[in-house]
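Visitor: here you go, sequence then predicted model.
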Amino acid sequence: MRISCDSAAVISFTAGQAAFTLTLLILVGGAFVTGEYANVSERILLFGDSYVTDPLAVFLKLFGFLTIALALLYSRGYLERRGMMRGEYYVLALTALLGIFVMVSANSLLTVYIGLEVMSLSLYAMVAFDRESGIAVRRHGDPPMSGSAASCRVRF
């Protein structure tokens, strides 16, 4: 996509750069909404007492926003050098963040388990994100298999 401001200045964005910018805007907006509207002074239980929000959960969620934003900023150069700057990477990072948020606010082991599964599935896909790398493609099968075996043991 090419955006032209005037005849002398032409700004060119690729789809990966647009996804990167949009993801950072989502993280900033989410941190603002979390800090402004989710900031509570006492413990509140939701969803049949399986989800909790309290000042510690709000702090850890804000820390999660910051950590993911820093990780995405640091990984940008790596992704650009290897030609892997695609929107899927950022969707997987946001999905992993969602799993982290569920684990942060979990009040039961079942909720922790659901958050762990959401986070780990997106991280498994990020392991094999470099499709041209033989190591990544070969290793893509290992983590889900060992992760699913461990998940079955936890369930029983």
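Guide: Cool, the structure landed.

Visitor: low-confidence ranges, this structure, go.
Guide: 1-13, 131-156 (pLDDT under 70).

Visitor: chain center to the helix or strand hosting V118, what's the gap?
Guide: In the assignment (DSSP states H and E), V118 maps to helix 109-127. Here the centre of helix 109-127 is set off from its chain's centre by 11 Å, with CA atoms, centre = their mean, to the nearest Å.

Visitor: show me what counts as buried in it.
Guide: Neighbour counts over helix 109-127 (16 or more other CB atoms under 10 Å) mark 111-127 as buried. For the C-beta atoms, the positions are set from N, CA and C on the backbone; glycine is no exception.

Visitor: just give me the longest helix of the protein.
Guide: Secondary structure of the chain read by DSSP state H shows that its longest helix is helix 55-82.

Visitor: list the helices and strands that one packs on?
Guide: helix 15-37, helix 87-104 (3 or more CB pairs under 8 Å, 6 or more residues apart in numbering; DSSP states H and E).

Visitor: from the contact counts, what lies against the longest one?
Guide: Helix 15-37 sits against helix 55-82, helix 87-104, with contacts defined as 3+ CB pairs under 8 Å, 6+ apart.

Visitor: next, the angle from the longest helix of the chain to helix 109-127.
Guide: 10 degrees (axes from the mean of the first three to the mean of the last three CA atoms, to 10 degrees).

Visitor: so what's R43 closest to, chain neighbours aside?
Guide: D54 (4.3 Å; CB to CB, 6 or more residues apart in numbering).

Visitor: for burial, what's the neighbour tally of that neighbour?
Guide: 16 (other CB atoms under 10 Å).

Visitor: likewise the one 4 residues further on?
Guide: Burial of V58 is recorded as 17 neighbouring residues (other CB under 10 Å).

Visitor: residue contacts, it?
Guide: 34-35, 38-40 (CB atoms under 8 Å, 6 or more residues apart in numbering).

Visitor: with I68 instead?
Guide: Contacts of I68 (CB under 8 Å, 6+ apart): 27, 93-94, 96-97.

Visitor: go again using 7 Å as the cut-off
Guide: 27, 93, 97 (CB atoms under 7 Å, 6 or more residues apart in numbering).

Visitor: same question for Y90.
Guide: With CB under 7 Å, 6+ apart, Y90 has these contacts: 19-20, 23, 72.

Visitor: how near is the residue nearest to R43 to S122?
Guide: Separation of D54 from S122 (CB to CB, to the nearest Å) stands at 26 Å.
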